[in-house]
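A.B. asks: sequence? don't have it. structure:
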């Protein structure tokens with residue numbers, strides 16, 4: 001007998017064995033028990049989660065010699081042939097290769113004939129979204145009023161491509177992606193039955209690579225068994241699947257903590273030289289720092305980290321070496337690198353740039369303290385009158401005169417780009433008090449234009465991720481409410497990507513402005529004439 005791969009060998013044969021789709025199997029079992037089986041079903045969901053398998057089990061349950069039944073016997077000729085895909089009454093059609101109107105016309109002619117042996121004739125059309133518009137139209141009438149002995153089961157990974165006229169004629173079931181624990185549990189069961197000795201971390205590596213697809217996980221396990229034999233370790237698993245081991249991710253994060261630029265570039269070079277996939281490595285890094293962020297938010301959220309218990313403990317320990325702001329910054333850099341890798345001719349360069357940014361950035365101060373310092377400096381220059389205090393001369397009676405340079409107050413209702421630029425730092429501070437993440441993303445932006453009460457905010461191309469994050473309605477409303485609070489005016493905000501931003505307002509630039517004000521020619525002349533000192537008038 002020819003070899004049967006794990007994905008076929010361990011395919012479920014009854015509803016109770018279908019993994020993670022209880023909301024579907026329970027409904028179908030009840031429909032069979034109550035004799036309420038619909039004439040058309042649509043199974044949608046990711047690949048490898050049980051859509052076609054469930055369709056076959058439904059056909060087995062309907063055409064079993066004891067059926068219709070919730071539990072097919074699995075030993076009668078109908079059950080055996082249906083499971084193998086050779087039953088004459090269960091017709092499986094590939095929508096990708098039989099997508100034209102001629103194939104649908106043939107189907108319409110064949111549905112008129114009764115089943116050869118069973119009670120129903122079941123048509124399973126996989127990837128139904130691949131049918132042409134004409135083919136869908138030709139199917140409408142048959143689908144609406146099929147013969148009593150015909151059941152249609154459509155399966156698709158893209159239900160949004162199925163016309164609404166088809167959807168409205170079907171009962172739709174959405175299959176969900178399997179969790180890490182569900183996949184690992186099934187892999188353990190298969191390994192036990194196949195007498196395989198597998199490292200526990202290897203199970204999780206396979207499950208992560210499968211991305212919620214049980215069929216993919218079983219195929220990977222089959223491949224590893226062919227390579228390693230009965231004993232499968234983590235190193236072989238990572239090598240065969242092209243995955244990055246957890247130790248490499250922990251080491252990368254440690255080099256970020258130590259700001260070891262040389263070491264992190266050597267690690268990147270070693271990964272590339274061993275043939276690791278750069279987009280996959282970046283995905284693994286984003287996942288690792290996401291886990292660190294979850295652990296930093298609260299160790300009681302460790303259940304959200306899909307790793308073995310000992311790894312979760314290491315994640316929590318490493319997270320203590322990061323601040324919340326540094327983790328948010330790291331994730332922003334890595335996600336920007338992912339976007340750059342997709343567009344770059346050399347994928348290596350965006351990865352190395354990200355590594356350098358993460359290790360060469362100066363220690364990240366608390367965002368709130370930076371904003372407080374900027375706001376304090378801004379307050380000193382924003383419409384504050386200057387006061388010149390005269391020093392007493394030795395040969396004259398002590399006398400003090402103030403030379404006041406008054407700045408005309410601005411109309412609070414006069415909204416202009418100049419005023420917005422002057423209050424930009426204070427705006428970020430107000431937003432930080434409302435929603436810190438919005439303030440962090442807005443740091444990379446600058447006001448660009450104000451027209452028809454619409455403020456356009458600009459981002460550089462490398463900060464596209466920040467722009468997309470702020471385009472969410474909730475985040476835009478936070479910015480608009482803060483603008484109204486500061487300017488007492490209703491403004492709408494829009495975002496734009498530009499080639500290059502002007503120089504950002506920083507603590508250093510504000511300090512330079514302060515020096516320029518002190519050295520202004522008019523004020524210097526006044527100081528020379530009156531012999532006074534320059535000081536700020538405290539706001540009343």
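C.D. replies: Great, that's in hand. These numbers were taken from a predicted model, which means no experiment stands behind them.
A.B. asks: low-confidence stretches in the stretch 201-350 of the chain?
C.D. replies: Low-confidence segments of the stretch 201-350 of the chain (pLDDT under 70): none present.
A.B. asks: where in the stretch 51-200 of the chain is pLDDT low?
C.D. replies: Scanning the stretch 51-200 of the chain for pLDDT under 70 picks out no residues.
A.B. asks: where along it do the helices fall?
C.D. replies: Counting by DSSP state H, counting those that start in this stretch, the stretch 51-200 of the chain has helices at residues 51-63, 77-84, 101-110, 133-144, 164-167, 180-193, 200-210.
A.B. asks: check these for me and report the most buried one.
C.D. replies: For the helices of the stretch 51-200 of the chain, the largest average neighbour count (mean count of other CB atoms under 10 Å) is found in helix 51-63, namely a mean of 25. (C-beta placed from N, C-alpha, C; glycine too.)
A.B. asks: before we move on, back to that, could you dump the helices of the stretch 51-200 of the chain to TSV with distance to residue 298?
C.D. replies: Listed next are these as TSV, based on distance: least, CB to CB, whole Å:
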stretch	distance to residue 298
helix 51-63	37
helix 77-84	47
helix 101-110	55
helix 133-144	49
helix 164-167	41
helix 180-193	20
helix 200-210	22
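A.B. asks: so which of the ones you listed is nearest residue 273?
C.D. replies: Judged by CB to CB, the one of the helices of the stretch 51-200 of the chain that comes nearest to residue 273 is helix 200-210, at 21.1 Å.
A.B. asks: touching that closest one from outside, list them.
C.D. replies: Helix 200-210 is contacted from outside by 48, 180, 183-184, 187-188, 191, 216-217, 220-221, 224, 232-234, 236-238, 241, 243, 245-246, 287, 306-308, 311, using CB atoms under 8 Å, 6 or more residues apart in numbering.
A.B. asks: quick one, domains of the chain?
C.D. replies: Split into domains by the TED database, the chain comes to 6-174, 180-241, 246-359, 417-498.
A.B. asks: let me see the ranges of the strands in the stretch 251-400 of the chain.
C.D. replies: Assigned by DSSP state E, counting those that start in this stretch, the strands in the stretch 251-400 of the chain fall at 386-390.
A.B. asks: residue 241 against residue 221, yeah?
C.D. replies: No. Using CB atoms under 8 Å, residue 241 is not in contact with residue 221; the gap is 10.4 Å.
A.B. asks: thinking again about what came up before, which among the helices of the stretch 51-200 of the chain is found nearest to residue 333?
C.D. replies: Short answer: helix 200-210, nearest of the helices of the stretch 51-200 of the chain by CB to CB, at 22.1 Å.
A.B. asks: next, count neighbours for residue 332.
C.D. replies: Neighbour count for residue 332, taken as other CB atoms under 10 Å: 18.
A.B. asks: for it, which non-adjacent residue is spatially closest?
C.D. replies: Leaving aside its chain neighbours, residue 332 sits nearest to residue 465 (6.2 Å; criterion: CB to CB, 6 or more residues apart in numbering).
A.B. asks: go on, residue 165?
C.D. replies: Spatial nearest neighbour of residue 165, excluding adjacent residues (CB to CB, 6+ apart): residue 140 at 6.0 Å.
A.B. asks: who touches that neighbour in this structure?
C.D. replies: Residue 140 touches 165, 166, 169, counting by CB under 8 Å, 6+ apart.
A.B. asks: can you pull the contacts of the residue nearest to the last one when sequence neighbours are not counted?
C.D. replies: The reference is to residue 169. Of all residues not flanking residue 169 in the chain, residue 143 sits nearest, at 4.9 Å (CB to CB, 6+ apart). Residues in contact with residue 143 (CB under 8 Å, 6+ apart) are 39, 40, 152, 166, 169, 170.
A.B. asks: for stretch 300-312, buried residues please.
C.D. replies: Neighbour-count burial for stretch 300-312, counted by 16 or more other CB atoms under 10 Å, picks out 302, 305, 306, 307, 311, 312.
A.B. asks: out of these, which one sits closest to residue 175?
C.D. replies: Among the buried residues of stretch 300-312, and counting by CB to CB, the member closest to residue 175 is residue 306, at 19.6 Å.
A.B. asks: so what's the closest one closest to, chain neighbours aside?
C.D. replies: Closest to residue 306 by CB to CB, 6+ apart is residue 180, at 3.6 Å.
A.B. asks: just to revisit the earlier point, from the contacts of helix 200-210, which land in helices?
C.D. replies: Here DSSP state H is the test, and those give 180, 183-184, 187-188, 191, 216-217, 220-221, 224, 234, 236-238, 241, 246, 287, 311 as lying in helices.
A.B. asks: which residues in the stretch 251-400 of the chain form helices?
C.D. replies: Using DSSP H, counting those that start in this stretch, helices in the stretch 251-400 of the chain cover 261-273, 278-297, 309-319, 324-343, 348-360, 367-381.
A.B. asks: looking at those helices, which is closest to residue 196?
C.D. replies: Short answer: helix 309-319, nearest of these by CB to CB, at 21.4 Å.
A.B. asks: and the closest one, how far from the chain's centre?
C.D. replies: The gap between where helix 309-319 is centred and where its chain is centred comes out at 22 Å by CA atoms, centre = their mean, to the nearest Å.
A.B. asks: show me the contact partners of that helix.
C.D. replies: Contacts to helix 309-319, defined as CB under 8 Å, 6+ apart, come from residues 201, 204, 246, 250, 253-254, 257, 291-293, 295-296, 299, 302, 305, 307, 327.
A.B. asks: what about residue 268, distance to residue 155?
C.D. replies: Residue 268 sits 42 Å away from residue 155, going by CB to CB, to the nearest Å.
A.B. asks: out of those two, which sits in the more crowded spot?
C.D. replies: Taking other CB under 10 Å, residue 268 and residue 155 do not tie; residue 155 has more neighbours (24 against 21).
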